[in-house]
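Participant: Structural data only, the sequence is not supplied:
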């Protein structure tokens, strides 16, 4: 009996329900089934695991979810934030309609590779659409941090614990050469102000929970609360900067603006 129960609890994904034989989510019925699958953390984990093992059907499902379905969630949030009334900061903060509440995505677990990648795809869709709609950087960062870099504890939002970042010679040289005035490879790149220091920027970033990048590195998006440099993407001063480390916490790079 217990074997039957376990089989039901850990059943393999029902691919025929949410995609055709090639892995394409072909119609509304399959899309609804795919949405139901995504809401089941164990099923989503199994699909990502199958894709990682080389299952071509699972890989196509994952690809379609990450290219279309998940980014579409982020795009819809950006369009809501860009509504005229939401650009008035007092209304934005007090209305309850403009500041995204990501708690409805709690089924996309932050401690599972599938959940992390799904949230990153939502972020990518949101950031791309938000930039198209000229949403302010500080609003973009606040929204992204709420989606990726905040830990939910018993229903309340709490800052993530400090995690050490090691500044080695290679990482330090990379940042100084590419993202500080006078650096040998700084031309055309986002630049920190001359008065900023790498150790101080990195220490502040330790208070932000990292999120996983597709290549395996970790990123932290920080709002310094003051202008720390110029973002190449916008050509304007920004309080926002990004710190990238490897999986072991070694500094890889840091630069003003969003990744």
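Facilitator: Perfect, I can see it now. Values in this document were obtained by computation on a predicted structure and should not be read as measured data.

Participant: From here on, just use CA atoms for contacts and neighbour counts.
Facilitator: Fine.

Participant: For the host helix or strand of residue 138, what does the pLDDT average out to?
Facilitator: Assigned by DSSP states H and E, residue 138 belongs to helix 137-148. Mean per-residue pLDDT for helix 137-148: 78.

Participant: for that helix, packing partners?
Facilitator: helix 113-132, strand 218-223, strand 240-245 (3 or more C-alpha pairs under 8 Å, 6 or more residues apart in numbering; DSSP states H and E).

Participant: how deep is residue 37 tucked in, by neighbour count?
Facilitator: 20 (other C-alpha atoms under 10 Å).

Participant: separation between it and residue 44?
Facilitator: 6 Å (C-alpha to C-alpha, to the nearest Å).

Participant: List the contacts of the residue nearest to residue 217 when sequence neighbours are not counted.
Facilitator: Nearest residue to residue 217, sequence neighbours excluded (C-alpha to C-alpha, 6 or more residues apart in numbering): residue 246, at 4.5 Å. Residue 246 makes contact with 216-218, 252 under the criterion C-alpha atoms under 8 Å, 6 or more residues apart in numbering.

Participant: Reformat those into a markdown table and put neighbour count and distance to residue 53 next to each item.
Facilitator: As requested, the contacts of residue 246 are exported to a markdown table (neighbours: other C-alpha atoms under 10 Å; distance: C-alpha to C-alpha, whole Å):
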| residue | neighbour count | distance to residue 53 |
| --- | --- | --- |
| 216 | 11 | 17 |
| 217 | 18 | 21 |
| 218 | 21 | 23 |
| 252 | 22 | 29 |
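
Participant: What's the local residue count around residue 174?
Facilitator: Neighbour number of residue 174 under other C-alpha under 10 Å is 17.

Participant: Begin at 37 from now on, thanks
Facilitator: Will do, 37 is the new start, and the previous item becomes residue 210.

Participant: With adjacent residues omitted, what lies nearest to it?
Facilitator: residue 289 (6.3 Å).

Participant: Let me know the secondary structure of that neighbour.
Facilitator: Classification of residue 289 by DSSP: H, G, I helix; E, B strand; the rest coil places it in strand.

Participant: close enough to count as contact, it and residue 295?
Facilitator: No - using C-alpha atoms under 8 Å, residue 289 is not in contact with residue 295, being 11.0 Å away.

Participant: Who has more neighbours out of those two?
Facilitator: Between residue 289 and residue 295, residue 289 has the larger neighbour count (other C-alpha under 10 Å), namely 23 against 14.

Participant: Name all residues that make contact with residue 112.
Facilitator: By C-alpha under 8 Å, 6+ apart, the neighbours of residue 112 are residue 162.

Participant: which SSE is it in?
Facilitator: Counting by DSSP H and E, residue 112 is found in helix 106-117.

Participant: Tell me the buried residues in that helix?
Facilitator: Residues of helix 106-117 classed as buried: 106-114, 116-117 (neighbour count, 16 or more other C-alpha atoms under 10 Å).

Participant: ok, now stretch 74-92?
Facilitator: 74, 77-87.

Participant: Please determine how far the spatially most central residue of the chain is located from residue 249.
Facilitator: Central residue of the chain (C-alpha atoms, centre = their mean): residue 156, 3.5 Å from the mean position. Per C-alpha to C-alpha, residue 156 is found 8 Å from residue 249.

Participant: same deal with residue 51?
Facilitator: For residue 51, the distance to residue 249 - C-alpha to C-alpha - is 27 Å.

Participant: Give me the more crowded residue out of the two.
Facilitator: For residue 51 versus residue 249, neighbours defined as other C-alpha under 10 Å are more numerous around residue 51 (20 against 16).

Participant: quick one: low-confidence ranges for the protein?
Facilitator: The chain contains residues with pLDDT under 70 at 37-47, 124-132, 146-147, 184-198.

Participant: before we move on, back to that, now do the shared contacts for residue 289 and residue 295.
Facilitator: With C-alpha under 8 Å, 6+ apart, residue 289 and residue 295 have no common neighbours.
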